[in-house]
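**Q** below: sequence and its predicted model.
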Amino acid sequence: MANHVLSLLRSVQSGTLSPEDALVQLKLSPFEDLGYAKVDGHRAVRQGTAEVIYGQSKTPEQILGILETMHRQGCENVLVTRIPQETADILSARFPVRYEPLSRLAVAFPAPVEGRGSIVVCTGGTSDMGVAEEAAITAEALGNHVTRLYDVGVAGLHRLLANLEPLMRARVVIAVAGMEGALASVVGGLVDCPVIAVPTSVGYGASFGGVSALLSMLNSCASGVSVVNIDNGFGAGFLASRINQMEGIQG
């Protein structure tokens, strides 16, 4: 969409398109109404990234319709979250799609992006990797360099302490943990950058589907820790990208 607007401006500058005609095209651009969805064509202009498709509870046909619209708008690296392998196979038969089954995340119209800065994604345990991969792949698709440190939770703190160098170099750390969610506080007490805590639904009965980890992270005594919703790897990856690419800290 941003390329489309730039093309319109260049056409006006060259005299091949009148300002009035360009205005009409821009007025038609904000969204396209498909009946079941209103595809936000201005998202990339306003926020720098294309609209993300939350795939859960959408039919494959609905997702295909949205992707078709975004394809006409020239969108790349479109994220489709929370879809099963069967839906990914249907999408792949129509469009170029890269699917990661562990995270249930698809990237439609994948294109190379330069990885900037440094985001570290760490997990308390192996069982947290699905949520962590959703965060990591989201951040990578948005143009960030990501380092993964998995299974470094507080049950064996030496595993985390053996990976201090990438943590100290990070501009943002995403700490993903279930059970009691203590990883976020430990990481927050070590690094000098923002920490985004992601509670997961991993754990036994009294973890209450991630509520225990959520409350632990919200009550963290470490400074600089913020918390997203339970299992919200996408939200953490998107926010980490915003922080990592803020003006003045790009590298």
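**A** Structure received.

**Q** name the strands paired with the helix or strand harbouring Val173 and say parallel or antiparallel.
**A** In the assignment (DSSP states H and E), Val173 maps to strand 172-177. Sheet pairing of strand 172-177 (DSSP bridges) gives strand 116-123 (parallel), strand 195-199 (parallel).

**Q** of these, which is nearest Pro166?
**A** strand 116-123 (5.5 Å; Cβ to Cβ). C-beta coordinates here come from the backbone N, C-alpha and C atoms, glycine included.

**Q** quick one: that closest one to chain centroid distance?
**A** Centroid separation for strand 116-123 versus its chain: 12 Å, with Cα atoms, centre = their mean, to the nearest Å.

**Q** can you tell me the SS state at the residue positioned nearest the centre of the chain?
**A** Nearest residue to the geometric centre of the chain (Cα atoms, centre = their mean): Thr138, 3.2 Å. Three-state call for Thr138 (DSSP: H, G, I helix; E, B strand; the rest coil): helix.

**Q** out of the strands paired with strand 172-177, which comes closest to Gly65?
**A** strand 195-199 (30.9 Å).

**Q** got a list of contacts for that closest one?
**A** For strand 195-199, the external contacting residues (Cβ atoms under 8 Å, 6 or more residues apart in numbering) are 131-132, 135, 172-178, 181, 184, 187-188, 210-211, 213-214, 216-217, 220, 222, 224-233, 236, 239-240.

**Q** which secondary structure element of the chain has the lowest mean pLDDT?
**A** For the chain, the helix or strand with the lowest mean confidence is strand 31-33, at a mean of 61 (criterion: mean pLDDT, DSSP states H and E).

**Q** could you check which helix or strand contains Pro110?
**A** Pro110 belongs to no helix or strand when assigned by DSSP H and E.

**Q** burial of it, as a residue count?
**A** Residues near Pro110, counting by other Cβ atoms under 10 Å, number 14.

**Q** where does the closest residue to it other than its chain neighbours fall, secondary structure wise?
**A** Leaving aside its chain neighbours, Pro110 sits nearest to Arg98 (4.8 Å; criterion: Cβ to Cβ, 6 or more residues apart in numbering). Taking DSSP H and E as the definition, Arg98 sits inside strand 97-100.

**Q** what pLDDT does the residue nearest to Pro110 get?
**A** We have a pLDDT of 94 for Arg98.

**Q** quick check, it in contact with Pro112.
**A** No. Applying Cβ atoms under 8 Å, one finds Arg98 not in contact with Pro112, separated by 11.9 Å.

**Q** the more surrounded of these two?
**A** Applying other Cβ under 10 Å to Arg98 and Pro112 shows that Arg98 carries more neighbours, namely 15 against 7.

**Q** isn't Tyr101 right up against Glu86?
**A** No, residue 101 isn't Tyr; it's Pro. No. If you go by Cβ under 8 Å, Pro101 and Glu86 don't touch, sitting 10.9 Å apart.

**Q** contacting residues for Ala135?
**A** Contact analysis of Ala135 by Cβ under 8 Å, 6+ apart lists 121, 174, 176, 198, 233-234, 236-237, 240.

**Q** kindly report the same for Ala236.
**A** 135, 138, 174, 176, 196, 198, 228.

**Q** including distance to Ile63 and pLDDT, could those go into JSON lines?
**A** Shown next, in JSON lines, are the contacts of Ala236 (distance: Cβ to Cβ, whole Å; pLDDT from 0 to 100):
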{"residue": "Ala135", "distance to Ile63": "21", "pLDDT": "98"}
{"residue": "Thr138", "distance to Ile63": "17", "pLDDT": "96"}
{"residue": "Ile174", "distance to Ile63": "26", "pLDDT": "98"}
{"residue": "Val176", "distance to Ile63": "26", "pLDDT": "98"}
{"residue": "Ile196", "distance to Ile63": "27", "pLDDT": "98"}
{"residue": "Val198", "distance to Ile63": "25", "pLDDT": "98"}
{"residue": "Val228", "distance to Ile63": "24", "pLDDT": "97"}
